[in-house]
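# With the sequence up front, the predicted model follows.
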Amino acid sequence: MYVKRTPCTESLNMEKTADELKEAFDSVSPYIQKHTSQVCPSCPKVCCIDRHGRYEENDLIFIAAMRLDNLNCESDRPDTDPCRFLSEKGCSLPRYRRPFRCTWYFCEKLLDSMKDDGAREYKSFISALQKLQGLRQKLMEMNSA
Ligand code: SF4
Ligand code: SF4
């Protein structure tokens with residue numbers, strides 16, 4: 001993974017966008033958490049497998065901009081074993097620290113639970129999620145400029 005060297009102001013802008021992105025993750029997290037805590041404990045096929053706990057290249061841009069450790073450590077677990085970050089209480093990482101797919105993936109059961117929660121809450125969640133995605137896109141564009 002290659003994160004471009006940028007002049008100081010651009011680097012500060014990237015950090016600012018990464019901070020905003022972290023806040024956006026924090027803002028969508030309680031709503032997602034509310035629903036995963038309702039549907040995931042009884043799930044017959046938990047999606048938190050080790051393969052899904054690895055960062056993609058775009059995740060690493062955010063990780064580098066936030067000056068966080070890259071947690072892509074080697075693991076001898078088979079891809080389909082429970083994710084290395086999965087604890088008895090669910091994921092042990094704060095949401096902004098997880099691979100993006102962990103926030104972006106919604107199984108049917110999860111979506112049904114959200115849709116049953118009330119139109120206003122669902123609409124406001126979708127709008128926060130779109131903001132998050134926009135910020136992530138902006139950060140990727142800044143990195144590739
Ligand atoms: S998100 Fe869906 S597939 Fe994944 S553990 Fe929860 S209920 Fe299961
Ligand atoms: S949400 Fe956490 S435990 Fe689940 S796959 Fe992602 S990193 Fe692993």
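On my side now, so go ahead. Ligands and ions are numbered 1, 2, ... in the order given.

# longest single helix anywhere in this structure?
Counting residues, the longest helix in the chain under DSSP state H turns out to be helix 8-39.

# Identify all contacting residues around the helix or strand following that one.
Note on helix 8-39: by DSSP states H and E, the next helix or strand toward the C-terminus is helix 57-65. For helix 57-65, contacts defined as CB atoms under 8 Å, 6 or more residues apart in numbering pick out 1, 3, 14-15, 17-18, 21, 55, 69-70, 72, 96, 99-100, 136, 139-140, 143. Backbone N, C-alpha and C define where each C-beta goes, glycine included.

# what about the longest helix of the chain, near ligand 2?
No - on the criterion CB under 6 Å from any ligand atom, helix 8-39 is out of touch with ligand 2, staying 8.8 Å away.

# Could I get the buried residue list for that helix?
Buried residues in helix 8-39, counted by 16 or more other CB atoms under 10 Å: 14, 17-18, 20-22, 24-25, 27-29, 31-32, 35-36, 39.

# and the gap between the residue sitting nearest the centre point of the chain and ligand 1?
Nearest to the mean C-alpha position of the chain, by CA atoms, centre = their mean, lies residue 100 at 3.4 Å. To ligand 1, residue 100 is 15 Å away according to CB to the nearest ligand atom, to the nearest Å.

# Please apply the same query to residue 72.
According to CB to the nearest ligand atom, residue 72 and ligand 1 sit 21 Å apart.
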